[in-house]
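Asker: here is my input; please provide its structure:
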Amino acid sequence: MKPQKPFYVIVHVPFLQFAAVALFPFILIKEKNFATNRYLINHELIHFRQQIELLILPFYLLYGLFFLYNWLVYWDSQRAYYEICFEREAYQNEDNLNYLQTRPLWAWIKYLRKQP
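Answerer: Below is the predicted model of the structure:
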C-alpha cells in the first residue's frame, strides 16, 4: 500500500505573528524551516481534526468565544490563548506523533475542564 499524501498545504507567511496557524486545509508558517518541525505540524494537525469535527466555521467561532471568555476571566491575552480548550489539547499532545491515530472523537471536550 502506498503512503498517504498529506491533506494539507504548508504556506510560508513571514509576517505571521505566531509560529503557525491552521486554517483548514492550509498550515501557515512564519519561518520556512518550521515546515520540517514534526511537533509543530502535529500541533496544527490536531487543530485540523478539531476543525473537521466542528465543520470548520463553528470551530473558529468557538475558538474566538473561548478566547474572549478566557480574556475576561484572566485579563491576560497570553493566558487566555493557552487556556483555550483547543490549544490545551494540541499542546498536551503535540509531542505524541501517534496521537491522531488513537485520538477519540470530540477529544477536545475533556479540555473544557481544568485538568488536575
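Asker: which residues touch stretch 35-55?
Answerer: Stretch 35-55 has contacts (CB atoms under 8 Å, 6 or more residues apart in numbering) with 7-8, 10, 12, 19-22, 24-25, 27, 29, 34, 59-60, 62, 86, 89-91, 93-97, 99-100, 103, 105-106, 108. Using the backbone N, CA and C atoms, a C-beta is placed for each residue, glycine as well.
Asker: name the residues of stretch 62-79 that are buried.
Answerer: L62, Y63, F66, F67, N70, W71 (16 or more other CB atoms under 10 Å).
Asker: how distant is it from the center of its chain?
Answerer: 16 Å (CA atoms, centre = their mean, to the nearest Å).
Asker: same question, stretch 102-110
Answerer: On the basis of CA atoms, centre = their mean, stretch 102-110 sits 13 Å off its chain's mean C-alpha point.
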